[in-house]
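K.L.:
after the sequence you'll find the predicted model.
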Amino acid sequence: MTKRAYSPKEIAAKKWVTLPWGEQWSEPFGFPAENASWFISGASAQGKSSFVMQLGKELCKYGPVLYMSYEERVNQSFQRRMDYLGMNEVQGRFRVVTDDSIDELAERLAKPKSPKFIIVDSYQVAYDDFGWTYPAAVALMRRFNRKCFIFISQEDKSEPTGKPARRLRYICDMKVRVMGYKAYCLGRSIGEAGNHYVVWKEGILKTSNNL
């Protein structure tokens, strides 16, 4: 059976439901589709975890968020981060799981009123311990193509750690790198040139003073 080929007219006519967020988010990241895939990377102690939590809190305005906390689980630093970012304000829309395999997550997502946004932190731990191979991750994204998958990646020498993570970055719509408490959008759907999201203003000042 011959697979469908799209004409330029058909592509131009496609409509997307985009995130209707304010300038704080739209200036660095534009208005991505609600089901756009994200790949967020950054070295340790650069503000990546705080940025991801802030993004998760913002996304709660548009649908339920499930945070797959594979790397930190629910340790003391995770608890403190949730506290100072006021995650109690999104009670009922934000949930955290620590040990769902990719198959168990698929069962969860197939249920009515399942999460709309899924944060996988980190992809390396998910890959090693919970069945998130590159083909399995792609298959899950295609099966639940109306949902938004957000992958968090460790870094090694300024690159995502491991070949599967680097492959995954290529196919994701939103590519974000967190450096020096600033989050930069690197491709496909970007906001205004030169803009970035401020993760922690005081941290930027401290980093600048040290330099």
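P.N.:
Now that the structure is in, tell me what you want to look at.
K.L.:
neighbours of the closest residue to Glu159 other than its chain neighbours, how many?
P.N.:
Distance criterion CB to CB, 6 or more residues apart in numbering; nearest residue to Glu159, sequence neighbours excluded, is Arg166 at 6.7 Å. C-betas here are computed from N, CA, C, even on glycine. Look at Arg166: counted by other CB atoms under 10 Å, it has 15 neighbours.
K.L.:
same question, Phe94
P.N.:
22.
K.L.:
so what does it look like in phi/psi?
P.N.:
Torsion angles at Phe94 (phi, psi; degrees, to the nearest 10) stand at phi -130, psi 120.
K.L.:
for Ile102, same thing?
P.N.:
According to degrees, to the nearest 10, Ile102 has phi -60, psi -30.
K.L.:
which residues touch it?
P.N.:
Ala126, Phe130, Gly131, Trp132, Ala136, Ala137, Leu140 (CB atoms under 8 Å, 6 or more residues apart in numbering).
K.L.:
same question for Leu140.
P.N.:
Ile102, Leu105, Ala106, Phe149.
K.L.:
now the helix or strand containing it: mean pLDDT?
P.N.:
Element membership for Leu140, per DSSP states H and E: helix 134-143. Helix 134-143 carries an average pLDDT of 98.
K.L.:
the next helix-or-strand element following it: how far from the chain's middle?
P.N.:
Heading C-terminal from helix 134-143, the first helix or strand you meet, by DSSP H and E, is strand 148-153. Its chain's C-alpha centre lies 4 Å from the corresponding centre of strand 148-153 when counted by CA atoms, centre = their mean, to the nearest Å.
K.L.:
what's in contact with strand 148-153?
P.N.:
34-41, 48, 52, 55, 59, 71, 116-124, 137, 140-141, 160-161, 165, 168-169, 172.
K.L.:
in this structure, which spans are helices?
P.N.:
8-13, 23-29, 48-59, 76-84, 102-109, 123-129, 134-143, 163-171, 201-210 (DSSP state H).
K.L.:
quick one: which of the ones you listed is nearest Val65?
P.N.:
Val65 lies closest to helix 48-59 among the helices of the chain, at 5.0 Å (CB to CB).
K.L.:
what packs against the closest one?
P.N.:
strand 38-42, strand 65-69, helix 76-84, strand 117-121, strand 148-153, strand 174-179 (3 or more CB pairs under 8 Å, 6 or more residues apart in numbering; DSSP states H and E).
K.L.:
what's the closest of the ones you listed to Arg4?
P.N.:
strand 148-153 (23.9 Å).
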